[in-house]
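*Asks:* coords please:
(chains A, B and C)
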Amino acid sequence: MVDLNALNSSQRESVEHIEYPTLVLAGAGSGKTRVLTYKIAYLVSRGIKPWQILAVTFTNKAAREMASRVEHLLHIPVQNLWIGTFHGICVRILRREAENWGFRRDFTIYDEDDSISVIKKDLKSRGIPKEQLSPYRVKNIIRNAKNNFVSPDKLTEFAYGHDVKLISEVYKRYMERLHAAGAFDFDDLLVRPLEMFGKYPESLKKWKEKFSHILVDEYQDTNRTQYLLVKLLVGKSGNITVVGDDDQSIYSWRGADLKNILGFESDFKRVKTFRLEENYRSTGNILMAANSVVENNKGRMSKRLWTDRPDGDKVKLLECLSDQDEAERVVSTIEKESTKYGFKLRDFVVLYRTNAQSRSFEDVLRRKGIPYAIVGGVRFYERMEIKDILAYLRILTNPNDIVSFIRAITTPKRGIGPKTIEVIEKFAGEKKISLFDALNRADEIFSGEILSKVKEFNNILQSALKMRGEYGLDKIAQEIAEKADYAKYLKNEYPDNFEERVDNINELITAMGEFENMTDEDDLSTFLSEVSLVAGIDSWDDEYDALTLMTLHSAKGLEFPSVFITGVERGLFPHPRAFDNNLDIEEERRLFYVGITRAEERVHVSYALQRARHGSYSGGASMFVSELPCNVLDIETPEQLYAKIPVRKQSIRRAMEFEDYSQELPDSDEGGQYRVGSYIRHPVFGRGKITACSGSGDRIKLTILFGNKEKKILAKYGKLTHA
DNA sequence: ACCAGGCTTCTTTTT
DNA sequence: GAAGCCTGGT
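*Replies:* Reported below is the predicted structural model:
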C-alpha cells in the first residue's frame, strides 16, 4: 500500500479520487507532480496494471523522473507503465499500428528543418518566390492547422487571407510528399493517430480498452489535437486526471489552448475539482512578487497562492549598463551568494527570454572558469554534423526518405548535385522502386564519372546495410563516417572548429553504443525516433554541479534556491512581437510569473540599459519591472531608486509607460552637444566619430563610426564622453 | 557542381 | 550579427 500521509488533505483527496474525472488546479510549487506520482502509485497498489495506465508529461525527463519515483513509492520495479510526452506516446502507438494504418513501420520523423526543406521544394516547383510566400510562414500555418486538427481541405474555413487556397494546396502536397517519404513531422505524430482512430474504430477500441486510467500533466499547455486525442482515449470510463495551472500557460504559440483546462468541468461528466493553493517552494516575498505580477492578467481562474514560509529576502533588482555588464554582475552576485548562503553552483539558475542571451553569460563564465550547462539552444541532434551522419542511417531504415537521401548524397561533397538527384528521383518514380534501390541500378541511368560517384555513395550504404543485425549501431555509424571520409570533410570545411565537430560525432557513436546496452534492442529506427524527440532539458544533468542557463520556457516545472531572471527589458521581455495582442502580453507575463515561481529562496531581476541586438540597440527596464511591488523589492520605492542614480529615473519611468520607444524620431540635436564630425569615447567601443544624429532631448540617437564599424546608439545610454 | 562574395532578413519561446 | 539567399564566375 502506498503511504499517503506525506500529502496534505487536498493532495490526498485528489489522489484517492479514482472513479471519475479529476481536475487538479495546482498553483506553482503546490506539489502537482507529487499528486500525479502518488496517484499512479496508488492506482497500481489498488490493482491497476501498469500497462493500463497512460501518463502524459511535458518532457521526457519529467517522465523518467516520475517513473522512478513511482517505483520508489511502490518499492518494486514498474514495468510497462505508459509514461511519456504526447509525442513519445504517439510514436509508440504509431510503431504498433503503422502497418494497419497504411504507413511504413520504420518511419522517419522530420524535424523543423527537414519539413521546411520539403515545403521549399514544393514552392519552388510551383514557381512561387519566397517574397510572396515564405516556406517558414507556410510551415507555421500548417503547424497551426495541425495543432487544431485542421486538415488541408478544411484550411480554407480555418484560415483567412488571400493565399489560403494556395497554402491549403501546399499543405495537401506536403502531406503527400511526407507520406511518400515515409515520414511524419512532429505534429503528424499526434495528428495521424487521431485521424486513424477516426478511420479505424476497431483500433481505437483496442487502445481505449487498454488504458483504464489516463493522467495528464501540464494540462494548461495542451492543444486541440492533444485534447481530442485524450478525449477519444478516455472514452466512457471517465478515469482521467488532469493537472494544471492556467497561470502557467506559456505555449499558446504552439497551439496550447486554455479552453481545455477552463472547460474541463463541462467537458467531462461528474468532474471533481481540487485546488492546491499552498505553495511549499518559495518564501513569502517571492510569492507576493509572483502574485502581484500575475494579477495584472485578466481572465484567470480565481486562485491565490499562499505559504507558511517566512517572508525571506526581498527580490533584488539589478540595473546594468549593458548585456556584458549584466552577465558580469549576475555572475559576481552568484559568486558572492554561494559563499554567503553556502549555495552550490547547481543551486542557481540564470533564466532569459531568448536563447541568444546566453552568449554574454558564456563569455564571462568561460573567462572565469566557472562550470556551466546550457539547456536548449542548438540541440545536439540538430547539429549539422550529427544530422549528416543520421541522414545515412535514416536511409537504411527508410529507403524513401528523400530529405535524408539528398542530405547524405551531397555530404560530403562528391560532385553530385540537384541535377543528378532529380534523375534518380525520376527513375525511382518510374520504376516504382525506392530511392535506395534506384542507386543499385545506377548503371541504367548514368555512365562515366557520375556513375562512379553514385556507386561510391551506394557502396557506403551497402556496406552499412550488411552490418545491420551483426554489428552494433555504433559500429555502423563509425563505418559510415570512415567510408565517407567524413572527418576529412569536416577538416576541410570547418578548419577552425572541426575538432569540436569530430568530438560530436564520437559522442553520437558513444550514445548509440549506450542505447544498445540499455535497451537490448537493436532497433535503429527506435534510436532514430527517440533522438528526434530529445528536448534540450532531457539531456540536462541536474546532479552535476554547474551553473545552469536556460530559457524561461525550459524552466517550467523546475525549482532552484536562487533564480536570476535576466534581460527584463523593453524590446526583449515582453517580446516586441507580443505587443500586437493583449493576450500575448498576458502570456509573456505568465512567463515572468513562471520565472519568479521557480525560486525557493532568492529572486534577482536584472535588465540592461543598453543591449546590442541585431546590430542596433535596445534596453531599459521592462514594464514588468514596475509590476513588482515596491515592498518586496530590495529598493523600497521608485523615489529612492531615482535618488540613487539619475539615469534610473528615466528608465523606471519609461518602464511604467506602455509605449514603444524604439521608433526613430525625425528631429535632431542641432546645436546640441553632439555634432556630426566630432569625436566621442564610448565605454565599450572606445573612440568613435559621429557620422549622423537624430532625435532630441532624451532620445538623441547617434550614428558613430568606431574603427570601420558603424553603430547606432542612444546618446544617453552610451555614457559618452568627449574625446 | 561548386564557390565566393554581397545581399537580405531575423525564428522568441519547443515537442 | 549571423545565417541564409542569390548571383555570376570558374
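*Asks:* Now do the closest residue to DNA strand C within the stretch 51-200 of chain A against DNA strand B, distance only.
*Replies:* Nearest residue of the stretch 51-200 of chain A to DNA strand C (CB to the nearest atom of the strand) works out as A:K130 at 5.6 Å. All C-beta spots, glycine's among them, are computed from the backbone N, C-alpha and C. Applying CB to the nearest atom of the strand, to the nearest Å, the value for A:K130 to DNA strand B is 8 Å.
*Asks:* Helix or strand: which one has the nearest residue to that residue once chain neighbours are set aside?
*Replies:* Using CB to CB, 6 or more residues apart in numbering and skipping the chain neighbours, the partner closest in space to A:K130 is A:L123 (7.1 Å). Element membership for A:L123, per DSSP states H and E: helix A:112-125.
*Asks:* returning to what we had before: where does the residue of the stretch 51-200 of chain A closest to DNA strand C land in three-state SS?
*Replies:* Classification of A:K130 using DSSP: H, G, I helix; E, B strand; the rest coil returns coil.
*Asks:* Any figure for the gap between it and A:R137?
*Replies:* Distance of A:K130 to A:R137, given as CB to CB, to the nearest Å: 9 Å.
*Asks:* close to DNA strand C, is the longest strand along chain A?
*Replies:* Of all the segments of type strand in chain A, defined by DSSP state E, the longest one is strand A:599-613. Yes - Strand A:599-613 is in contact with DNA strand C by CB under 7 Å from any atom of the strand, via A:A612.
*Asks:* So which bits of the stretch 101-250 of chain A are right by DNA strand C?
*Replies:* A:K120, A:P129, A:K130.
*Asks:* neighbours of the last one, just the number please.
*Replies:* What that stands for is A:K130. A count of nearby residues for A:K130, using other CB atoms under 10 Å, gives 13.
*Asks:* Next: the second one.
*Replies:* Counted with other CB under 10 Å, residues neighbouring A:P129 total 9.
*Asks:* In the stretch 201-350 of chain A, what residue comes closest to DNA strand B?
*Replies:* Per CB to the nearest atom of the strand, A:W253 is where the stretch 201-350 of chain A lies closest to DNA strand B, at 3.4 Å.
*Asks:* where's the stretch of helix or strand A:E195 belongs to relative to the chain centroid, distance-wise?
*Replies:* Per DSSP H and E, A:E195 falls inside helix A:188-199. Relative to its chain's centre, helix A:188-199 lies at 23 Å (CA atoms, centre = their mean, to the nearest Å).
*Asks:* Rounded mean pLDDT for it, please.
*Replies:* Helix A:188-199 shows an average pLDDT of 94 in the prediction.
*Asks:* Could you check the angle the helix or strand just after it makes with helix A:188-199?
*Replies:* Sequence-wise, the next helix or strand downstream of helix A:188-199 (DSSP H and E) is helix A:201-210. Interaxial angle, helix A:201-210 versus helix A:188-199 (axes from the mean of the first three to the mean of the last three CA atoms, to 10 degrees): 110 degrees.
*Asks:* Tell me the first helix or strand C-terminal of helix A:201-210.
*Replies:* strand A:213-216.
*Asks:* Measure how far that next one is from the centre of its chain, please.
*Replies:* Centre-to-centre, strand A:213-216 and its host chain are 24 Å apart (CA atoms, centre = their mean).
*Asks:* Could you do stretch A:460-469 as well?
*Replies:* Centre-to-centre, stretch A:460-469 and its host chain are 35 Å apart (CA atoms, centre = their mean).
*Asks:* in that stretch, what's buried?
*Replies:* Using 16 or more other CB atoms under 10 Å as the test for burial, stretch A:460-469 gives A:I460, A:L461, A:Q462, A:A464, A:M467.
*Asks:* can you check stretch A:74-85 too?
*Replies:* A:L74, A:V78, A:L81, A:W82, A:I83, A:G84, A:T85.
*Asks:* how close does the closest residue to the third one other than its chain neighbours sit to A:T339?
*Replies:* Across the structure, with CB to CB, 6+ apart as the measure, the residue nearest A:L81 apart from its sequence neighbours is A:P50 (4.2 Å). Per CB to CB, A:P50 is found 47 Å from A:T339.
*Asks:* ok, the two, which is more surrounded?
*Replies:* Ranked by neighbour count (other CB under 10 Å), A:P50 and A:T339 place A:P50 first, with 19 against 8.
*Asks:* List phi and psi for the more buried one.
*Replies:* When quoted as degrees, to the nearest 10, the phi and psi of A:P50 stand at phi -50, psi -40.
*Asks:* Relative to DNA strand C, how far out is it?
*Replies:* According to CB to the nearest atom of the strand, A:P50 stands 43 Å off from DNA strand C.
*Asks:* A:D503 too?
*Replies:* Here A:D503 is placed at a distance of 18 Å from DNA strand C (CB to the nearest atom of the strand).
*Asks:* Before we move on, what's the pLDDT of that residue?
*Replies:* 86.
*Asks:* Count the residues that sit near it.
*Replies:* Neighbour count of A:D503, defined by other CB under 10 Å: 12.
*Asks:* doesn't it fall inside a helix?
*Replies:* Yes - remark: A:D503 belongs to a helix, assigned using three-state DSSP.
*Asks:* quick one, what contacts A:E586?
*Replies:* Residues counted as contacts of A:E586 (CB atoms under 8 Å, 6 or more residues apart in numbering) are A:N297, A:K298, A:G299.
*Asks:* Buried among these? Make that a PyMOL selection.
*Replies:* To isolate the buried members of the contacts of A:E586 in PyMOL, using 16+ other CB under 10 Å:
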select buried, chain A and resi 297
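*Asks:* ok, so of the contacts of A:E586, who is nearest DNA strand C?
*Replies:* For the contacts of A:E586, the minimum distance to DNA strand C (CB to the nearest atom of the strand) is 31.6 Å, reached by A:N297.
*Asks:* Pull up the residues of the stretch 551-700 of chain A that are close to DNA strand B.
*Replies:* Residues of the stretch 551-700 of chain A found near DNA strand B (CB under 7 Å from any atom of the strand) are A:T551, A:H553, A:S554, A:H575, A:R577, A:A578, A:D584, A:H614, A:G615.
*Asks:* Just give the nearest non-adjacent residue to the fifth one, would you?
*Replies:* The shortest distance from A:R577 to any non-neighbouring residue, by CB to CB, 6+ apart, is to A:D584 (7.3 Å).
*Asks:* Contacts only, for whichever residue of the stretch 101-250 of chain A sits closest to DNA strand B.
*Replies:* Nearest residue of the stretch 101-250 of chain A to DNA strand B: A:F186, at 4.0 Å (CB to the nearest atom of the strand). Under the criterion of CB under 8 Å, 6+ apart, the neighbours of A:F186 are A:H87, A:I109, A:Y110, A:D111, A:E112.
*Asks:* give me the number of residues near the fourth one?
*Replies:* Counted with other CB under 10 Å, the neighbours of A:D111 add up to 16.
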